[in-house]
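All I have is the shape, not the residue letters:
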């Protein structure tokens, strides 16, 4: 029994279409995994930076100031892995990152004789608020970009 050329062509076409669909799904899954990794890493950095920033403002330990600034740079690198982070002037993720950075490094950051803040000071509470808003925006961007 021989298989007709039409059936052979149809089978080959089905294999090619199946391969294309599978490849596209695998690519989407990998992109989503990379996006989740970038978002999780950015949120981890934001938590660490806010903790060090709060500690610095309460103790004024110069070593912590350097760590905070360098980790803010690392956070920016991680956030840049998320699509549309810095494209145009309307990037809400970039805006939240700037507000978070400024909440820690504003005014008297690294100034000698700056007052030690209490953990309940409004500036400390603002760091926490800005961190949380940044983390919410990271999750929102993940949902928009990768789902």
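Received, thanks. Source: prediction; values computed, not measured.

Now do the contacts for residue 96.
Residue 96 makes contact with 130, 133, 134, 137 under the criterion CB atoms under 8 Å, 6 or more residues apart in numbering. In short, each C-beta sits where N, CA and C put it, glycine included.

what do you get for residue 137?
Residue 137 sits next to 92, 93, 96 when contact means CB under 8 Å, 6+ apart.

how much space is there between it and residue 120?
In this view, residue 137 and residue 120 are 26 Å apart by CB to CB, to the nearest Å.

likewise residue 145?
To residue 120, residue 145 is 37 Å away according to CB to CB.

neighbour count winner among those two?
In terms of neighbours (other CB atoms under 10 Å), residue 145 is the more surrounded of residue 145 and residue 120; the figures are 15 against 7.

wait, the more buried one sits on residue 34?
No - between residue 145 and residue 34 there is no contact, the gap being 10.7 Å when judged by CB atoms under 8 Å.

how far does the longest helix anywhere in the chain sit from the chain's center?
For the chain, the longest helix by residue count, based on DSSP state H, is helix 5-59. The chain centre lies 13 Å from the centre of helix 5-59; the measure is CA atoms, centre = their mean, to the nearest Å.

Same question for stretch 107-115.
Offset of stretch 107-115 from its chain centre (CA atoms, centre = their mean): 29 Å.

repeat for stretch 63-78
With CA atoms, centre = their mean, you get 14 Å for stretch 63-78.

Buried residues in that stretch, which are they?
Within stretch 63-78, the residues scored as buried using 16 or more other CB atoms under 10 Å are 64, 65, 67, 68, 69, 71, 72, 75, 76, 78.

Tell me how far the third one lies from residue 26.
Which is residue 67. 39 Å.

Check the spacing between residue 133 and residue 93 real quick.
11 Å.

Next: residue 138.
7 Å.

joint contacts of these two?
79, 82.
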